[in-house]
Structures are given as C-alpha cells and as structure tokens.
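In: coords below, sequence missing:
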C-alpha cells in the first residue's frame with residue numbers, strides 16, 4: 001500500500017507579499033484593507049487553507065459573508081487548493097449563522113426552538129394585517145403601504161436611528177403618522193412573539209442579545225469557533241459589527257477584510273465607522289494593506305488614487321499594477337444629455353467593431369433614472385442591454401401609465417391602454433373598465449362620451465370627465481409633443497402620489513420623460529420609440545451566440561464587485577453625481593466620493609467620464625447649465641490624469657423626405673422588382 005503524503009501549498013509562489021502576510025496571520029485581531037481588484041477573495045481562500053494546513057480543526061473556523069453563494073464558493077476553492085477538510089469550515093451569512101445559534105438557545109430569549117422565520121413577503125403580510133386591524137387602511141387616510149412600513153422597521157433594527165429620524169429623512173411626507181407607526185411597530189413585535197415567529201432582522205437582534213446578555217453561551221460559541229473571519233466588513237451594519245466583536249470577545253481572533261473606500265451602502269444601514277473604528281475596538285489589531293491591483297491599467301489607478309486624496313477619514317493606500325496599458329481616462333464634455341447618449345452609442349458601436357464584446361462594456365450611473373434618455377438611444381441604435389439597479393425606464397409602472405394616456409389620444413381604439421388607464425381610478429375594476437371601453441368603441445372612439453349622460457352619477461364619473469378633457473388637450477396635433485407630454489404628466493401627478501409611497505423619486509422619471517419628449521415632433525414617433533425598446537433583450541442568453549449579447553447599464557451600487565473592459569460614468573455634474581442631497585452633508589458627500597471611486601475602479605482598459613453642459617429642468621426656464629461635479633473639480637492636476645474631449649452633435653438626417661423633396665422612383669427598377677416579385 002502506497003504511503004499517503006500530506007498536501008503542501010507554495011504560499012510564496014501563489015501570493016504577493018501583502019496577501020501572504022494576511023494569510024499567515026494567526027492569533028489576534030487583524031484588519032485587511034483590500035483595494036479593488038487586489039485579490040481579496042483569494043486571500044480569504046488561502047487563509048482558510050493555511051489555518052487547516054496548520055492543524056486548526058476546520059469546525060473551529062467561522063467564515064461570515066454576505067451571501068451563501070460567496071461562502072460556498074470560497075470553501076470550494078479552498079478545498080481545491082488543499083483538500084476536502086476545508087468544506088467542513090463553518091461558512092455562511094450572518095443570518096444563517098444566527099439561525100443556527102438561536103435554535104440551540106432560543107428558550108433563553110423566551111422562544112421555542114421550533115420558531116419559524118418570516119420571509120420578506122410573509123413579514124409584509126403580517127404588517128398589512130396589523131395595519132388593517134388598526135383601521136389604517138381606510139381610504140380617507142393616506143397611510144404608508146405595508147412594504148414601506150416594513151422597510152422602516154427593518155432600518156430601525158439595523159441602525160442606531162430612531163423611527164422618528166428615519167421617517168424625517170426617508171419619508172418626510174409621512175411625519176404626521178409617526179405616532180401611529182410607532183404603535184404599529186409595538187404591535188408587530190408583540191404579534192411575532194405571540195406567534196413564535198422571527199423576521200430576518202430579528203435573527204440578528206436576538207443573536208446580539210443572546211451573546212451580550214448570556215456569558216455562558218458567548219463562551220461556548222467562542223470555544224466552538226476559535227477563528228472568525230468576516231468578508232466585506234465595510235458593508236456591515238451596527239448589529240453585525242457588534243456580533244462579530246462579541247464572537248471575538250473571548251479569544252480575540254477576528255480577521256475582518258474589506259475596503260473603507262468602498263463603503264457605499266449607508267442607505268441599507270451599513271456603517272462606514274465599523275471599519276474605520278476597528279483599531280479602536282481592538283487596539284492591538286494588525287493592519288495589512290492589499291494595494292496591488294490585478295484588474296486595471298496604471299493610468300486608471302492613478303486617477304482612482306487621486307479621487308481619494310481629499311477623503312476626510314481613510315486608511316491611506318496607493319493602488320499599483322503590473323497590468324500593461326497607458327491609455328489615460330477620457331473626460332468627455334457633451335452639449336446636453338442627448339449628446340452624451342449619442343456619444344456613448346457611437347463609441348459602443350466603434351468598440352464592437354474593434355473586437356470588444358458588448359458584455360465587456362458598461363455604463364454606470366449614480367441613480368437609475370440618469371440613463372432614461374440613454375435607454376431610448378440604445379434602443380434606436382439597436383444596441384441590446386440589461387439594466388441593473390432599478391427597472392428599465394419604460395418598464396416602470398408610472399412611465400407606462402403616462403404612455404397609456406398618450407396612446408389613447410393617438411389611438412382611441414387601443415383597448416390595452418384604456419384598460420391600464422381606467423384601472424387607475426377608484427371604484428373601477430376589470431368589469432367596469434370593459435364597460436367603459438365598449439361605450440367608447442360604440443361611439444367610434446370619441447372619448448367625449450365619457451362626460452355624457454351614460455356615466456352620470458357613478459362614483460368614477462368625475463374621473464372620466466377629467467380624463468376626457470385631458471384627451472381633448474393632448475390629441476391636438478398643433479400642440480408640440482413636449483407640451484402634450486407635460487399635460488399628461490400634470491394630469492397623472494395626483495394619481496402618482498396616491499399609488500406610490502416613493503412618489504418623490506418617481507417624479508424624476510416623469511421629468512426625464514418630459515425632457516426626452518422635447519426632441520420629438522411626432523407623438524406617434526415618441527410613443528413608438530418608447531414602446532419599441534426591445535424587451536426581448538432582457539431575456540437573451542449571451543452564452544448561446546456571440547452575436548446575441550448585451551452590454552450593461554447599472555447603478556454604481558449594483559456594480560460593486562464587477563469589472564468591464566470599458567466603463568462609461570455618466571452625468572458627472574453637481575446634483576447628479578454627487579447627488580443633490582449630499583451637497584449639503586459632509587458625511588454624505590464623503591460617501592459620494594467613495595461611490596465615484598468604486599465606479600472608476602470597475603474599468604480594466606478604457607474609462608470615459610462624461611459631463612453634459614446642459615441638463616433638462618422642468619419649468620419656464622427650460623434647460624439649465626449644469627455645473628461640473630465637485631468630485632472632478634477636487635482632483636488635483638486633472639489635466640495630468642485625463643484626456644479632454646468635447647463632443648458636438650451633428651444634425652440628424654431626416655428619415656423621410658419632405659413632400660417637395662426628391663421622392664421619385666426609378667421606373668425601370670420598379671418594373672424589374674414587380675416582374676420578379678409579381679404584382
């Protein structure tokens with residue numbers, strides 16, 4: 001029988017010096033600052049293997065990540081470079097770990113071990129039930145919907161903020177309901193305990209309570225997991241950071257890995273201070289910097305390093321690379337949003353011809369609505385795309401509602417559009433909607449029948465009358481398209497407020513729709529471009545055919561952790577990137593700078609920074625000059641870091657010749673065509 005040999009790993013060959021220092025660290029607290037593209041995951045994988053190879057029982061290692069898939073992938077890779085022992089490491093999310101521990105000790109908190117967990121949908125339903133029981137669902141009272149309420153309760157659990165503070169910052173229009181919401185939260189908490197159920201947030205709340213208040217349990221858990229690692233530590237909230245610290249309070253062996261410069265999720269409850277204050281909580285902690293980047297060229301990294309120069313709080317680092325490439329980022333100044341979109345489409349088509357796959361191209365934006373105009377241009381240019389971080393513009397309910405209003409004006413026999421519009425009215429269901437549609441159809445499409453005797457006395461008669469008058473106004477072909485769209489949006493605003501708790505955000509989409517409409521002379525063309533935005537692109541499988549691929553539109557938040565050959569960062573204007581709200585809050589502006597850093601470090605070879613000189617603004621003054629983003633202004637020696645280019649839009653060629661233009665045909669050619677194809 002052959003003698004078995006112990007596995008070995010050449011850590012010096014597989015890792016750079018900084019990675020190896022983190023991997024070989026053992027006892028004590030360790031902070032690993034991992035710059036973008038620096039091999040963070042590789043470092044964690046090799047540390048797991050190093051601990052197991054060094055004699056640590058895999059069951060004594062705990063790896064906490066933000067997704068189950070992430071931990072499973074890390075442990076799979078660790079087992080490949082070492083052996084199957086690595087699969088025995090305890091890995092998972094904070095929530096799954098909390099569930100395992102609470103099952104063993106639930107009785108200490110007044111729960112049975114057989115408690116059940118409410119998923120998001122179940123939790124919303126319970127909130128909705130309590131909302132109804134309290135009488136908050138009455139029509140005469142504008143009260144938040146169940147999803148909005150649960151989001152408030154969730155953020156309250158995961159941050160240090162009170163419910164009053166959250167309502168004031170996130171939903172100020174619901175401030176009159178503050179006391180009612182506080183009472184509803186008390187009832188929600190009591191009902192969950194009575195029914196022996198926990199929602200996702202409760203798992204963390206009660207795990208922290210268990211570890212903080214029951215020393216015996218804390219020591220037992222610490223003895224079980226002697227080496228604790230936390231991935232993406234900059235994204236942890238106050239609860240998660242407290243749990244991680246409590247897990248290490250006995251033995252002190254805690255390694256957290258992350259990047260302070262990529263802390264961008266405060267809106268989800270993540271706390272930037274967790275990673276900044278780690279050395280204060282663990283004064284003897286060793287800090288390791290992973291600065292070698294394996295993704296981008298040095299000119300892109302030079303710009304990224306400059307973006308962080310003005311950060312108020314940071315762990316100083318300097319990204320460097322051995323990746324070959326000397327093309328500097330390009331700063332593109334376009335006349336307006338439309339020109340910006342046309343430049344992007346043109347450059348994407350050029351890159352495609354140069355051999356860059358669409359899947360290696362991305363457009364990144366601060367907010368999902370910033371690509372509204374671009375989405376229409378991409379569709380016109382037949383460039384397939386997928387959007388991440390918000391619905392595609394024309395798929396959003398409020399955009400489809402306004403489009404339906406205009407479709408009726410353009411084609412009074414469009415039954416689907418009528419149906420969508422009529423269901424917006426209180427007291428109108430599918431059956432009533434069909435009756436109204438039939439009445440209009442019987443009147444040969446004349447919507448004036450809506451304000452006649454047929455519907456007098458009905459609950460929805462006033463709504464039908466107002467709709468009819470709107471259609472009178474927006475059907476007039478003598479009125480410019482932009483004014484007709486503005487009229488439809490004005491009419492829809494009260495309905496938007498009634499139907500959506502987040503109506504202030506959705507109003508920006510409607511303003512963008514008005515801006516897009518200014519470029520059109522034909523309502524039918526406008527509606528066609530909106531309707532023909534090729535929804536099939538979102539269902540394509542890029543793995544089947546090289547010709548059947550798509551490029552990416554994404555918010556920066558949704559792009560974190562991803563990379564592309566070419567990246568366009570759009571709307572680098574004050575009030576857009578950074579956002580308007582952040583311009584007056586230092587902490588918020590600091591996060592915007594980190595967000596910009598994340599955006600530029602997604603690029604591997606080409607980075608385009610785009611700034612329109614004018615952006616549409618509703619009101620009597622039309623377009624307004626857009627000030628340059630302070631995130632660009634503050635970068636020192638900008639002319640040494642980027643190449644500048646101004647993009648001027650050429651006049652478009654008309655698709656159809658004018659009636660008095662050259663529109664004749666060749667008689668001989670026409671005869672040959674008819675002879676070949678037949679009459």
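Out: On my side now, so go ahead. Keep in mind the model is a prediction, meaning the values are calculated, not measured. Numbers count the residues shown, from 1 in each chain.

In: pLDDT below threshold where in the stretch 501-650 of the chain?
Out: 528-529, 531-548, 616-625, 649-650 (pLDDT under 70).

In: where exactly do the strands run in it?
Out: 551-555, 564-569, 603-615, 624-625, 643-647 (DSSP state E, counting those that start in this stretch).

In: Which among those strands is found nearest to residue 55?
Out: strand 603-615 (39.8 Å; CB to CB). C-beta: built from backbone N, CA, C; applies to glycine.

In: now for that closest one, which elements pack on it?
Out: helix 298-307, strand 330-336, helix 337-353, strand 564-569, strand 624-625 (3 or more CB pairs under 8 Å, 6 or more residues apart in numbering; DSSP states H and E).

In: Buried residues of stretch 463-479, list them for me.
Out: Neighbour-count burial for stretch 463-479, counted by 16 or more other CB atoms under 10 Å, picks out 463, 464, 467, 468, 470, 471, 474, 475.

In: Over to stretch 133-153?
Out: Result for stretch 133-153 [16+ other CB under 10 Å]: buried residues 136, 143, 144, 145, 146, 147, 148, 149, 150, 151, 152, 153.

In: next one: stretch 104-117
Out: Quick answer for stretch 104-117 (16+ other CB under 10 Å): 105, 106, 109, 111, 115.

In: I figured residue 599 hits residue 570, correct?
Out: No: contact criterion CB atoms under 8 Å: residue 599 and residue 570 do not qualify, at 9.8 Å.

In: between those two, what contacts are shared?
Out: residue 364 (CB atoms under 8 Å, 6 or more residues apart in numbering).

In: related to what we said a few turns ago, can you put the strands of the stretch 501-650 of the chain in CSV and add mean neighbour count?
Out: Shown next, in CSV, are those (neighbours: other CB atoms under 10 Å):
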stretch, mean neighbour count
strand 551-555, 24
strand 564-569, 24
strand 603-615, 22
strand 624-625, 10
strand 643-647, 13
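
In: could I get the ones you listed as TSV with distance to residue 276?
Out: Formatted as TSV, the strands of the stretch 501-650 of the chain follow (distance: least, CB to CB, whole Å):
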stretch	distance to residue 276
strand 551-555	24
strand 564-569	26
strand 603-615	27
strand 624-625	37
strand 643-647	35
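
In: Any idea which of those gets closest to residue 295?
Out: Closest among these, once you apply CB to CB, is strand 603-615, at 5.5 Å.

In: so what strands line up beside that closest one?
Out: strand 330-336 (parallel), strand 564-569 (parallel), strand 624-625 (antiparallel) (DSSP bridges).

In: Among the buried residues of stretch 104-117, which lie within helices?
Out: Judged by DSSP state H, these include residue 105 as members of helices.

In: Pipe the helices and strands packed on strand 603-615 into TSV and attach distance to residue 10 per row.
Out: Putting the helices and strands packed on strand 603-615 into TSV (distance: least, CB to CB, whole Å) gives the following:
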stretch	distance to residue 10
helix 298-307	28
strand 330-336	41
helix 337-353	39
strand 564-569	31
strand 624-625	59
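
In: between the ones you listed, which one is nearest to residue 584?
Out: strand 624-625 (18.9 Å).

In: where's the dip in pLDDT among the buried residues of stretch 104-117?
Out: By pLDDT, residue 115 ranks lowest within the buried residues of stretch 104-117, coming in at 80.

In: burial of the closest residue to it other than its chain neighbours, as a residue count?
Out: In this structure, residue 115 finds its nearest non-sequential neighbour in residue 196, 4.9 Å apart by CB to CB, 6 or more residues apart in numbering. When counting by other CB atoms under 10 Å, one arrives at 14 neighbours for residue 196.

In: What distance do you get for residue 196 to residue 579?
Out: Applying CB to CB, to the nearest Å, the value for residue 196 to residue 579 is 42 Å.

In: so who does the residue nearest to residue 115 touch?
Out: 111, 112, 114, 115, 116.

In: and it, what are its phi and psi?
Out: Per-residue torsions, residue 196: phi 60, psi 50 (degrees, to the nearest 10).

In: One more: residue 160?
Out: phi -90, psi 0.

In: Quick check, it in contact with residue 238.
Out: Yes: assessed by CB under 8 Å, residue 160 is found in contact with residue 238 at 5.7 Å.

In: Of those two, give the one with the bigger neighbour count.
Out: Taking other CB under 10 Å, residue 160 and residue 238 do not tie; residue 238 has more neighbours (19 against 11).

In: measure the more buried one to residue 99 for me?
Out: 20 Å.

In: How about residue 494?
Out: 45 Å.

In: of these two, who's got more company?
Out: residue 99 (17 against 11).

In: Can you name the residues that contact that one?
Out: 117, 203.

In: So it, which state does it fall into?
Out: helix (DSSP: H, G, I helix; E, B strand; the rest coil).

In: Enumerate every residue touching the residue nearest in space to the middle of the chain.
Out: By CA atoms, centre = their mean, the chain has its centre lying nearest to residue 389, at 2.9 Å. Contact partners of residue 389, counting by CB under 8 Å, 6+ apart, are 368, 554, 555, 557, 558, 559.

In: show me the contacts for residue 68.
Out: Here residue 68 is in contact with 92, 93, 96 (criterion: CB under 8 Å, 6+ apart).

In: out of those, which is most surrounded?
Out: Top of the contacts of residue 68 by neighbour count (other CB under 10 Å): residue 92, with 20 neighbours.

In: could you say which helix or strand contains it?
Out: Take DSSP states H and E as the rule and residue 92 turns out to sit in strand 90-93.

In: residues in contact with that strand?
Out: 59, 61-68, 71-72, 74-75, 97, 100, 225.

In: now the buried residues of stretch 463-479 as CSV including secondary structure, pLDDT and distance to residue 312?
Out: Putting those into CSV (DSSP: H, G, I helix; E, B strand; the rest coil; pLDDT from 0 to 100; distance: CB to CB, whole Å) gives the following:
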residue, secondary structure, pLDDT, distance to residue 312
463, helix, 84, 53
464, helix, 85, 57
467, helix, 87, 53
468, helix, 85, 57
470, helix, 86, 51
471, helix, 86, 55
474, helix, 85, 50
475, coil, 83, 56
